[in-house]
Every structure is written in structure tokens, then in C-alpha cells.
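> Okay, predicted coordinates and the sequence, questions at the end:
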Amino acid sequence: METRGESRGGYVLAEAVGGVPEVILVATGGEGPVALRAREILEADAIATRVVAMPCAERFESQPADYRDAVLPRGVGARVSVGAGSSLGWHALADEAGVAVGLDRSGLSAPYRTLFEQLGFTPERVAAQARRSLAKARERAA
């Protein structure tokens, strides 16, 4: 039985404290742990952060607008897509003030934790990019 919206392509994995997000982190696959840890960092700084799991963007885009808007509210422009592969294509979900964090490199060989650390694919970097996106969204709203 589906409980989180997997069949819809995307769903809320972790809600912002208080239920109204200032920032949305979109984990594009198995990157949920990186996004969830970044959420903890941001929430510790009183930045309400929602994490969305997006296993299939195409399926998500085919959902009714009310579902898509419930998962990715239009009023939240601060978004960061978090994908261990290429960031190509994820900018659309990140929105105008958003950022796509990906590895965008190939041909490297090492344990994934080593690669993530050396290439800056860390919760700390995701949190920093979320702060950047939030500042940009606030600037646009002013």
C-alpha cells in the first residue's frame, strides 16, 4: 500500500516545522539522507524547511495542478534540487530563485562518501545553497 505518494512521482518526505516552508529541498533519488541532514541544519537556524522526494519528475509533472502545488507550493521560491547525478534538467523544479546541486562530473572512482565530500555534495553545502536561494527569493519578493 502506498503511503507517501511514490506512484505520483513526488511527495513530501519531511515537513517544515510549523508546516509552512520557507525553503524546499527536492531530493531527486537516493539523496534523501543528504537533504534530510541539510533540513536539520536549516531548521536549527529557524529556517522552516520541507524535503520533497522526487523519484520521477515526469510522473510528478503529469499530476493534477492541485497536487503539484500542495507538494511544491508556488509561493515558496527558495528551492534546492539535490541530486548525486547531473543537475541538468533539475533547474525547472528549483524555480527562479532556486539552485540545483549535483555532481556534474563523471569518470571519478572512489567510495561515494569520499566523492561526495571531495566534490562538495554535503548537507552543509546544500544548506548553504538553500540560504542563498532564500536570500534570492526574498530579494525578488521585496
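Structure's in. What do you need?

> pLDDT weak spots in this protein?
1-4, 84-121 (pLDDT under 70).

> would you list every one of the helices in it?
32-44, 57-61, 65-71, 91-94, 112-118, 123-141 (DSSP state H).

> any chance of the ones you listed in TSV, with mean neighbour count and distance to residue 19 too?
Where C-beta positions appear, they are placed from N, C-alpha and C, glycine not excepted. Below are these laid out as TSV (neighbours: other CB atoms under 10 Å; distance: least, CB to CB, whole Å):
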stretch	mean neighbour count	distance to residue 19
helix 32-44	19	13
helix 57-61	14	21
helix 65-71	13	12
helix 91-94	18	21
helix 112-118	12	30
helix 123-141	18	17
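
> Of all those helices, which one is nearest residue 7?
helix 57-61 (7.6 Å; CB to CB).

> other SSEs contacting the closest one?
helix 65-71 (3 or more CB pairs under 8 Å, 6 or more residues apart in numbering; DSSP states H and E).

> now the helix it packs on, how far from the centre of its chain.
16 Å (CA atoms, centre = their mean, to the nearest Å).

> hmm, back to that, save the helices of the chain as CSV, and put in distance to residue 83 too.
Below are these laid out as CSV (distance: least, CB to CB, whole Å):
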stretch, distance to residue 83
helix 32-44, 10
helix 57-61, 10
helix 65-71, 17
helix 91-94, 10
helix 112-118, 12
helix 123-141, 11
